[in-house]
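A.B. asks: have a look at this fold, sequence not included:
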Ligand code: CP
Ligand code: NVA
């Protein structure tokens, strides 16, 4: 049997992705109803974190506990990974002891190398290039509030970063339109834009992207690992703040999402998270439910 990984949203077919999203809603209801469901009893998730995290760590650990399994937190500070043991060797060893691995790291190529040598499914919990788990939660949240994705228009405003790249993949896989507005020099990879041009359009200003959108999403201006660029980024991104005035250009039913952590006064105005159109707390919670659906799919091979 071929081991399935989740390194980007392209690793699942559109039908499989839709299945995981549908299943996430079912698992959420079961959790709210207090139903005990332990499909991963005695299973172990290895969690390798080379960058900080709140939501990702808590959601994966809680998800495994709720599923009857357990999770091991591994940081480079306390493992041989931090002392230069090759990724390939670490993958061979760790994947003989656990049932699934989750990795948050820098270069996307690191997780690809790990996956190549892993006996068990590998999940991308954020690389410099992609953040597919966050997209599962974002898509689940949209569907929960507004129904099917197909035919909707989303706006990505801000940095053409890992989140933006995963939004591009999502637009392609689930067939919605995505308008992207970034400052000059901070656009996503032109090859991605070209490949997915049927669903994705780069526009000039934040207003252009926001107009009539059903969802406006953004992220920090300075991602983890880019801290030295913080002051220049603050200047270059100042026209790309999301605030209630910008939201007013969107569809009357529009939602606002941010993967968090957020910086009030930078990529969002001080009052944006208090706006009724913001669904960021549901979005954060759905990391738990969406990743449980993903874990179930990858580990048990359940037909989602
Ligand atoms: N959105 C997200 O991935 O949050 P953390 O960095 O806290 O995991
Ligand atoms: N783009 C951000 C997302 C954090 C969840 C980063 O990579 O730091």
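C.D. replies: Nice, I can see it. In this text, all values refer to a predicted model and were calculated from it rather than measured experimentally. Ligands and ions are numbered 1, 2, ... in the order given.

A.B. asks: up against ligand 1, what does this structure have?
C.D. replies: 53, 54, 55, 56, 126, 134, 259, 260 (C-beta under 6 Å from any ligand atom). (C-beta placed from N, C-alpha, C; glycine too.)

A.B. asks: next one: phi and psi at the residue in the stretch 101-250 of the chain that ligand 1 sits nearest to?
C.D. replies: The stretch 101-250 of the chain approaches ligand 1 most closely through residue 134 (5.3 Å), counting by C-beta to the nearest ligand atom. Backbone torsions for residue 134, taken as degrees, to the nearest 10, come to phi -60, psi -40.

A.B. asks: which residues touch the nearest residue to it once chain neighbours are set aside?
C.D. replies: Using C-beta to C-beta, 6 or more residues apart in numbering and skipping the chain neighbours, the partner closest in space to residue 134 is residue 259 (4.7 Å). By C-beta atoms under 8 Å, 6 or more residues apart in numbering, the contact set of residue 259 is 55, 131, 134, 138, 163, 219, 283.

A.B. asks: so can I have TSV of those residues showing pLDDT and secondary structure?
C.D. replies: Shown next, in TSV, are those (pLDDT from 0 to 100; DSSP: H, G, I helix; E, B strand; the rest coil):
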residue	pLDDT	secondary structure
55	98	helix
131	98	coil
134	99	helix
138	99	helix
163	98	helix
219	98	coil
283	99	helix
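
A.B. asks: turn these into JSON lines, columns for neighbour count and distance to ligand 2.
C.D. replies: Shown next, in JSON lines, are these (neighbours: other C-beta atoms under 10 Å; distance: C-beta to the nearest ligand atom, whole Å):
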{"residue": "55", "neighbour count": "19", "distance to ligand 2": "7"}
{"residue": "131", "neighbour count": "28", "distance to ligand 2": "6"}
{"residue": "134", "neighbour count": "28", "distance to ligand 2": "7"}
{"residue": "138", "neighbour count": "27", "distance to ligand 2": "12"}
{"residue": "163", "neighbour count": "27", "distance to ligand 2": "5"}
{"residue": "219", "neighbour count": "24", "distance to ligand 2": "5"}
{"residue": "283", "neighbour count": "27", "distance to ligand 2": "12"}
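
A.B. asks: near ligand 2, which residues of the stretch 201-304 of the chain are found?
C.D. replies: 219, 220, 223, 224, 259.

A.B. asks: need the residues you listed in TSV with secondary structure, can you?
C.D. replies: Listed next are these as TSV, based on DSSP: H, G, I helix; E, B strand; the rest coil:
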residue	secondary structure
219	coil
220	coil
223	coil
224	coil
259	coil
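
A.B. asks: now for these: which two are most distant?
C.D. replies: The span of those, defined through C-beta to C-beta, is set by 224 and 259 at 12.0 Å.

A.B. asks: need the helices for the stretch 151-300 of the chain, in chain order.
C.D. replies: Secondary structure of the stretch 151-300 of the chain (DSSP state H, counting those that start in this stretch): helices at 162-174, 190-195, 206-210, 230-236, 244-247, 280-295.

A.B. asks: closest one to residue 108 among those?
C.D. replies: Closest among these, using C-beta to C-beta: helix 162-174, at 8.6 Å.

A.B. asks: contacts for that closest one next, please.
C.D. replies: Residues contacting helix 162-174 (C-beta under 8 Å, 6+ apart): 8-10, 12, 14, 17-18, 126-132, 134-135, 138-139, 149-150, 154, 156, 158, 176-178, 180, 182, 188-189, 192-193, 196, 198-200, 217, 219, 223, 259.

A.B. asks: roughly how far is that helix from the heart of the chain?
C.D. replies: Offset of helix 162-174 from its chain centre (C-alpha atoms, centre = their mean, to the nearest Å): 9 Å.

A.B. asks: now stretch 270-280
C.D. replies: Per C-alpha atoms, centre = their mean, the centroid offset for stretch 270-280 relative to its chain is 20 Å.

A.B. asks: could you do stretch 281-292 as well?
C.D. replies: On C-alpha atoms, centre = their mean, the centre of stretch 281-292 falls 10 Å from that of its chain.
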